[in-house]
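Engineer: sequence and predicted structure are below.
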Amino acid sequence: MPTTIEVNKKSVEALLGSGKTKPFVIPEYQRPYAWTDEQVETLFEDLWDFTATSGGTEREGSYFLGSVVAYENENGEQEIIDGQQRITSLFLLLRAIYTKLAATPAAERTPEANNFIGKIEPSIWRTNKLTGTVDFENILLTSRVVNNEGNGILRSILETGKADENAKDNYSKNYRHFQKLFDQHSADNPLMVYQFIYALLNQAILLPITADTQDTALTIFSTLNDRGLPLSDADIFKAKIYNQLEGDAKKGFIDRWKDLDEQAADADESIQQLFYYNMFYLRALEQDTKTTTPGIRKYYAANKFERLYQEGLLDTLFVILNLWKVINKGEEIDNEAWSKNVKIRQSLDILNSYPNEFWKYPVVIYYICYRSEADFEQKFGLFLHKLLMELITKYLLIPTVNAVKQDILKLDSAIVSSDAPAFDFKDIDTSQLEANIQNPNRKVVRMLLKALAYEQQDGLLPARWEIEHIFPLKWQTNYFPDVPDEAIKEKIEHIGNKLPFEKKLNIVAGNGYFGKKKKEYTASKIAITKAMGTSEITEWDIDSIMKRDIRVSDTMIALLDQWKNDYANVSAVPAAEGKPSEEDLARIEEFKKKGWI
């Protein structure tokens, strides 16, 4: 079915008045109202200046306020996806004006005041079609933002026209500010007041974009939005889960969500990303190995968002987050000895330099499934080494983003059945990798350097390190008078000419030659680099690079073979000792009953 989008330019009066048949709703997943005094004042002053120069009854100008993206939900409401801050502010401004006009006794009002009172009323409230009587409790704008006490404050202001003088929320502050601005301008220039109201209602223009579905509206919003953080799928998920809960469970959920959000931010992750990792875990349980990765919202929306309502979802997200606290921030997790294991942390650090994200999914799934097993630390370390071996080997031979996608998805599904899962990757003779290691694709160099460095040291590399070219990238043309420049350039990029090096020391070393840079190498806290500085080598040339190429490739091939053989031994453990947790078994059975597997 084709997507339907309606775009119609409307005045403020016409757009807000459409709420009589299709009331406006700010949905649960939106962020709270956040306009500042400065934004409120800018809106008011710009409209006043427009009235004075281009608007009012004597001129035919128009003032563009921006777009509003919405869709009609199942309740026949206009659910605002983009423009909630602007719409809310317009309601507050009109209420402030109405309060001022209505404060004058009816017998003393001017015809203009009565006219605009009659114009504003159907823009804010429902009115009786026959009598014109206003139902002040039936407001055309409702905010349902999750866990936001401002929802009630907004309703109270629009209903009563009063705001607590001491309230610090944005609704109250901005409503009072609108009142103050209108009072000041009315006193300074009383002849222009009604022209201003006319311009606001008739010449201030909005561009409502109405989509046929929420997905379409969100897509439009993501395309148009350049004013800050767009709505995330996690915002939608939060609202969906919240609406399924009752009573105290809602508050408990919001408290946990806030905690998860804050902890995720501290770990350089996001709830959105945690849901993404969890999707691959659920896909593994469902034995879904299709290479097409579904959109995260589409995936969770299946079966009326049933996956979102699974018991223990937030628990799983917290578990996933613990893994990234270790990887991203180097934290140690209470009662999880693996998080203090240097070799495991080194393996994770090497994986973190893999050129795409496919390494993350099996690591997350393995951790979720087996973190509570008594021998988890040992088997997790061996599993990571095997994963490293396969990924490095594959990328050396086929340096493309999707080269491992199918293999990884098969591995994901195998993990939930065994803590020593089979790696269904093509078997490769590592002795054939010599040339690929010596002259590797640039995207795998950091992985190789980390692997080589960690063979010589405990602890992680410093956070800020760079790839050092032992023979400099810029050299004097007479240094190798008999060697073509292209041959030199090619050899300079070989692994034998590269080291991990602290950024500060690398800056000091600059483009000097080996004899001058040895002092900085010696000062390095990276063992492999320090060893180069304390070596007896005095000159570094093309032959030196070629000799080190051979040493490095031999070391790397031996390491890959060791990781492969170590895992072969753990894979020989009887299947009974490599089983998913009771929790995972229960979920697998549940998914089978639902027909997902």
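Structural biologist: Perfect, thanks for sending it.

Engineer: now residue 413: how far from residue 379?
Structural biologist: 18 Å (CB to CB, to the nearest Å). All C-beta atoms are positioned from the backbone trio N, CA, C, and that covers glycine.

Engineer: cool, residue 56 as well?
Structural biologist: Applying CB to CB to residue 56 and residue 379 gives a distance of 77 Å.

Engineer: and for residue 296?
Structural biologist: In terms of CB to CB, residue 296 sits 30 Å off from residue 379.

Engineer: higher neighbour count, the two?
Structural biologist: residue 379 (22 against 19; other CB atoms under 10 Å).

Engineer: list phi and psi for the nearest residue to that one once chain neighbours are set aside.
Structural biologist: Among residues not flanking residue 379 along the chain, residue 419 sits closest, at 5.5 Å (CB to CB, 6 or more residues apart in numbering). For residue 419, the backbone dihedrals are phi -80, psi 0 (criterion: degrees, to the nearest 10).

Engineer: how about the strands in this structure?
Structural biologist: 5-7, 10-11, 24-26, 63-72, 78-82, 125-127, 134-139, 141-143, 204-211, 465-469, 498-502 (DSSP state E).

Engineer: what is the neighbour count of the closest residue to residue 451 other than its chain neighbours?
Structural biologist: The spatially closest residue to residue 451, leaving aside those adjacent along the chain, is residue 350, at 5.5 Å (CB to CB, 6+ apart). Other residues within reach of residue 350, judged by other CB under 10 Å, total 25.

Engineer: kindly report the same for residue 100.
Structural biologist: For residue 100, the neighbour count with other CB under 10 Å is 17.

Engineer: wait, residue 358 sits on residue 405?
Structural biologist: Yes - the pair residue 358 / residue 405 is scored as a contact, 6.2 Å apart, by CB atoms under 8 Å.

Engineer: okay, those two: which has more neighbours?
Structural biologist: When residue 358 and residue 405 are compared for neighbours, residue 358 comes out ahead with 20 against 16, by other CB under 10 Å.

Engineer: from residue 103, how far off is residue 391?
Structural biologist: Residue 391 is 72 Å from residue 103, by CB to CB.

Engineer: looking at the two, which is more packed in?
Structural biologist: residue 391 (25 against 9).

Engineer: contacting residues around residue 98?
Structural biologist: Each residue near residue 98 by CB atoms under 8 Å, 6 or more residues apart in numbering is listed here: 117, 120, 121, 124, 161.

Engineer: kindly indicate the member of these with the most neighbours.
Structural biologist: For those, the largest number of neighbours (other CB under 10 Å) sits with residue 124, at 24 neighbours.

Engineer: where does pLDDT dip in this protein?
Structural biologist: Scanning the chain for pLDDT under 70 picks out 1-4, 147-148, 221-231, 475-482, 571-597.

Engineer: recalculate using a threshold of 50.
Structural biologist: The chain contains residues with pLDDT under 50 at 1, 226-229, 573-578, 597.

Engineer: centroid-wise, who is the farthest residue in it?
Structural biologist: No residue in the chain sits farther from the centre than residue 107, which is 58.3 Å out by CA atoms, centre = their mean.

Engineer: ok, it to residue 359 distance?
Structural biologist: For residue 107 relative to residue 359 (CB to CB), the value is 78 Å.

Engineer: next: residue 33.
Structural biologist: Distance of residue 33 to residue 359, given as CB to CB: 41 Å.

Engineer: residue 569 now?
Structural biologist: Distance from residue 569 to residue 359, by CB to CB: 23 Å.

Engineer: who has more neighbours out of those two?
Structural biologist: Counted by other CB under 10 Å, residue 569 and residue 359 do not tie: residue 359 has more neighbours, with 22 against 10.

Engineer: how about the more buried one, nearest residue that isn't a chain neighbour?
Structural biologist: residue 351 (4.8 Å).

Engineer: is it true that that neighbour touches residue 385?
Structural biologist: No - if you go by CB under 8 Å, residue 351 and residue 385 don't touch, sitting 10.3 Å apart.

Engineer: ok, now which ones touch the nearest residue to residue 26 once chain neighbours are set aside?
Structural biologist: Closest residue to residue 26 apart from its sequence neighbours, by CB to CB, 6+ apart: residue 143 at 4.3 Å. Residues in contact with residue 143 (CB under 8 Å, 6+ apart) are 25, 26, 30, 33, 88, 150, 151, 154, 155.

Engineer: return the closest of those with respect to residue 332.
Structural biologist: residue 30 (37.7 Å; CB to CB).
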